[in-house]
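> here's a sequence, model it:
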Amino acid sequence: MSGGLVALLDDVAAIARLAAASIDDIGAAASRAGVKAVGVVVDDAAVTPRYVTGFTPDRELPIIWRIARGSLRNKVVFILPAALLLSQFLPWSLTPILMVGGAYLCFEGAEKVYEALHPHDHAADAEAAALSGPEHEQKMVSGAIRTDFILSAEIMAISLAEVANEPFVSRALILVVVAIVITALVYGVVGIIVKMDDLGLRLARSGSGAARTFGRGLVKGMPVVMGALSVIGTAAMLWVGGHILLDGLDKLGVGGPAHLLHDWAVAAGNALPALHSLIEWLVETLGSAVVGLVVGGLIVALLHLLPNRKAAAH
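Below is the predicted model:
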């Protein structure tokens with residue numbers, strides 16, 4: 001009897017070890033997949049704060065929570081099933097789909113550069129602000145969730161490409177983990193960023209001299225941080241988008257551009273052996289960003305400049 005119980009306990013322990021190993025494998029794979037999507041994650045975190053600009057402090061976190069729920073719904077309910085079905089039955093389609101997403105990232109990044117050089121008309125913003133509180137909030141939340149859908153699709157596609165060789169169930173679990181962790185990370189960071197100026201104001205009004213100084217520094221520094229995040233997000237979109245396009249072309253048999261950039265990066269790294277890895281990464285990153293800017297600039301020209309010229313001609 002005791003021997004049977006010991007054998008049963010041994011079996012249970014073996015199953016537990018196997019389950020723990022599986023969880024560890026899923027966690028490690030999810031981590032690798034999430035790292036691949038870091039550029040899009042940075043952009044997602046940089047884009048979202050603008051959707052809560054102009055609201056009273058008591059509405060900022062509830063709005064972010066609503067957007068976060070919509071983002072998780074985008075990933076798990078809509079994007080994940082479609083991505084899994086494609087990877088299972090049409091795996092060849094993942095590279096072209098990923099490249100379409102990469103081209104969209106290039107377009108978004110280039111459009112931000114264009115808007116920085118040619119500020120847009122704020123009439124639409126004024127119209128939105130004229131709406132009543134709940135209507136304006138709903139409009140901003142809906143707009144944020146629509147924007148998030150594109151970025152979430154790209155995050156999930158990049159993550160899926162990283163774990164495409166995993167079994168179907170493992171693939172699904174990994175992507176669920178990625179969806180939850182990245183959503184929590186992005187909107188947790190957004191919440192902290194958005195409330196930092198409120199924290200600064202409270203500290204600036206406190207009794208301690210050091211706290212007041214730190215609080216004033218936060219209030220003055222947050223616009224700089226927001227501006228830096230916007231620049232980093234734009235650069236990340238161009239870099240990630242360009243890299244996706246180069247990698248996709250390589251997988252489709254057009255490896256010349258990717259190999260040429262890699263050769264340039266290796267040559268630059270060899271010129272400075274002490275910083276070889278850093279220099280190689282910088283050259284490949286800058287090269288990918290240049291590709292992203294060129295491709296995105298062409299799309300911006302097609303969508304914005306050419307229609308404007310036709311309208312002017314009429």
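
> what about the strands in the stretch 201-314 of the chain?
Shown for the stretch 201-314 of the chain, no strands are assigned by DSSP state E, counting those that start in this stretch.

> residue ranges with poor pLDDT in it?
207, 306-314 (pLDDT under 70).

> that one: helices as residue ranges?
For the stretch 201-314 of the chain, the helices defined by DSSP state H, counting those that start in this stretch cover 209-251, 256-271, 276-300, 306-313.

> ok, the stretch 1-150 of the chain next?
2-36, 38-47, 57-73, 80-89, 94-117, 123-129, 133-162.

> hmm, back to that, what's the closest of the helices of the stretch 201-314 of the chain to residue 94?
Among the helices of the stretch 201-314 of the chain, helix 209-251 comes nearest to residue 94, with 9.4 Å by C-beta to C-beta. All C-beta spots, glycine's among them, are computed from the backbone N, C-alpha and C.

> wait, residue 152 sits on residue 70?
No - in this structure, residue 152 is not within contact of residue 70 by C-beta atoms under 8 Å, at 9.6 Å.

> between these two, point out the one with more neighbours.
Using other C-beta atoms under 10 Å, the more surrounded residue of residue 152 and residue 70 is residue 152, with 28 against 19.

> give me the distance between residue 152 and residue 245.
20 Å (C-beta to C-beta, to the nearest Å).

> out of everything not next to it in sequence, what's closest to residue 191?
residue 64 (5.1 Å; C-beta to C-beta, 6 or more residues apart in numbering).

> give me the number of residues near the one you found?
24.

> for the closest residue to residue 70 other than its chain neighbours, which residues are in contact?
What sits nearest to residue 70 in space, not counting adjacent residues and going by C-beta to C-beta, 6+ apart, is residue 145, at 3.7 Å. Counting by C-beta atoms under 8 Å, 6 or more residues apart in numbering, residue 145 touches 67, 70-71, 74.

> distance to residue 60 and pLDDT for the residues you listed - can I get that in JSON lines?
JSON lines is the format used below for the contacts of residue 145 (distance: C-beta to C-beta, whole Å; pLDDT from 0 to 100):
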{"residue": "67", "distance to residue 60": "11", "pLDDT": "91"}
{"residue": "70", "distance to residue 60": "16", "pLDDT": "93"}
{"residue": "71", "distance to residue 60": "16", "pLDDT": "91"}
{"residue": "74", "distance to residue 60": "21", "pLDDT": "91"}
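
> measure the nearest residue to residue 250 once chain neighbours are set aside to residue 286 for me?
Leaving aside its sequence neighbours, residue 250 sits nearest to residue 258 (C-beta to C-beta, 6+ apart; 4.4 Å). To residue 286, residue 258 is 14 Å away according to C-beta to C-beta.

> which of the two has more neighbours?
residue 258 (21 against 18).

> tally up the residues packed near residue 213, please.
Based on other C-beta under 10 Å, the number of other residues close to residue 213 is 12.

> separation between it and residue 222?
With C-beta to C-beta as the criterion, residue 213 and residue 222 are 15 Å apart.

> what does residue 112 give?
20 Å.

> okay, these two: which has more neighbours?
Set side by side, residue 112 and residue 222 give different neighbour counts by other C-beta under 10 Å, the larger being at residue 112 (22 against 18).

> might one say that that one is in contact with residue 236?
No - with contact defined as C-beta under 8 Å, residue 112 does not reach residue 236; the gap is 11.0 Å.

> quick one, what contacts residue 188?
Counted by C-beta under 8 Å, 6+ apart, residue 188 has zero contacts.

> ok, residue 296 next?
Counting by C-beta under 8 Å, 6+ apart, residue 296 has contacts 103, 105-111, 238, 241.

> quick check, pLDDT for residue 121.
pLDDT, residue 121: 53.

> what's the local residue count around residue 113?
With other C-beta under 10 Å as criterion, residue 113 counts 16.

> against residue 241, how distant is it?
Distance from residue 113 to residue 241, by C-beta to C-beta: 13 Å.
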